[in-house]
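In: how does the following fold in three dimensions:
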Amino acid sequence: MVLTAENYYSKEANKEYMSVSQYKDFAGTYGKMACEFSAIEKLEERWAQKKTTPLLVGSYVDSYFEGTVGEFKKETPEIFTQDGGLKAPYIQADKIIERMERDPLFMMYMSGKKQVIMTAELFGTKWKIKIDSYAEGIAITDLKVVESITKPKWVRDIGYLDFIRYWGYDIQGAIYQEVVYRNTGLRLPFYIAAGTKEEEPNIEVIQVTQNYLDEAKNMVEMNMPRILRVKNGEVEPDRCEMCDCCRHTKVLKRPISITNLVAGI
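Out: Numbers count the residues shown, from 1 in each chain. I've put the predicted structure just below:
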């Protein structure tokens, strides 16, 4: 199928194409638990991710830079109070936008073509991407609204990680760069244009350097054979038994031991 803005997120498109968000549903990141069962349930539209305030704030800022914030407001009445004003998190989102717009360098990286869709075959399947800001022949930039740019995240057995690797944005960069390369022959640098939800928003434009992109790409390639077997129905998906989807569909089979309550800690 040919992808458009209208069908990009459709069930048909998600089943035909792999995306970074779908990959992270299957494989997880340091900050997001993997669950093959939940990933399949989402693909079949039997389970949907809840619209949390942090997600909606990010979508609000994204829609502003896409030029669709008016539509977003019409389609998302939960961002308003009963008297019609914006709720506090979205007033803060306007503050984040204002801070971003005051910075010439930030806006330069966000001045490319918006929401550019590309596809390519990688690792045995078709992938789809949608680029926030594509400066043709120059750079790929993705917009992120995050808790903090400077606060590290702790990962057991690894130590502290930056927010980019913690949430798998290096994976996004690796796939976006490779798909663009397959379409243009150019391996462009990948940047994160980030703004924070802090009372006084912080902003940065961060290059995800090639060594991290290469490492992430190798990891995706290693994980894809299993993911494709699960997605194609060749093997049963594993359940994490920790996510909301697994809790919702859980069927008790026998009592557990008290020792199971702290297993894996």
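
In: rest of the way, CA atoms for contacts and neighbours
Out: Will do.

In: now do the strands in this structure.
Out: Assigned by DSSP state E, the chain shows strands spanning 116-122, 125-131, 133-135, 139-146, 153-155, 159-161, 190-196, 203-208.

In: show me what contacts residue 30?
Out: 155, 165-168 (CA atoms under 8 Å, 6 or more residues apart in numbering).

In: how many neighbouring residues does residue 200 have?
Out: 11 (other CA atoms under 10 Å).

In: so how far is residue 14 from it?
Out: 38 Å (CA to CA, to the nearest Å).

In: then residue 195?
Out: The gap separating residue 195 from residue 14 is 29 Å, by CA to CA.

In: who has more neighbours, the two?
Out: residue 195 (26 against 18).

In: ok so, going back, looking at the strands of the chain, which is nearest to residue 239?
Out: With CA to CA, the closest approach to residue 239 among these belongs to strand 153-155: 21.9 Å.

In: and that closest one, which strands flank it?
Out: Applying DSSP bridges, strand 153-155 is found paired with strand 159-161 (antiparallel).

In: just how off-centre is the partner strand within its chain?
Out: Relative to its parent chain, strand 159-161 has a centroid offset of 20 Å by CA atoms, centre = their mean, to the nearest Å.

In: before we move on, what about stretch 18-38?
Out: So, by CA atoms, centre = their mean, the centroid of stretch 18-38 is 10 Å from its chain's centroid.

In: with stretch 182-200 instead?
Out: 12 Å.

In: and that stretch, what's buried?
Out: Buried residues in stretch 182-200, counted by 16 or more other CA atoms under 10 Å: 182, 186-197.

In: closest to residue 77 out of the strands of the chain?
Out: That would be strand 139-146 among the strands of the chain, by CA to CA, at 20.7 Å.

In: that closest one vs strand 125-131, what angle?
Out: Angle, strand 139-146 to strand 125-131, by axes from the mean of the first three to the mean of the last three CA atoms, to 10 degrees: 80 degrees.

In: which strands and helices sit next to strand 139-146?
Out: Here strand 139-146 touches helix 53-66, strand 125-131, strand 133-135, strand 190-196, going by 3 or more CA pairs under 8 Å, 6 or more residues apart in numbering; DSSP states H and E.

In: and those, which one's lowest on average pLDDT?
Out: Among the helices and strands packed on strand 139-146, helix 53-66 carries the lowest mean pLDDT, at a mean of 94.
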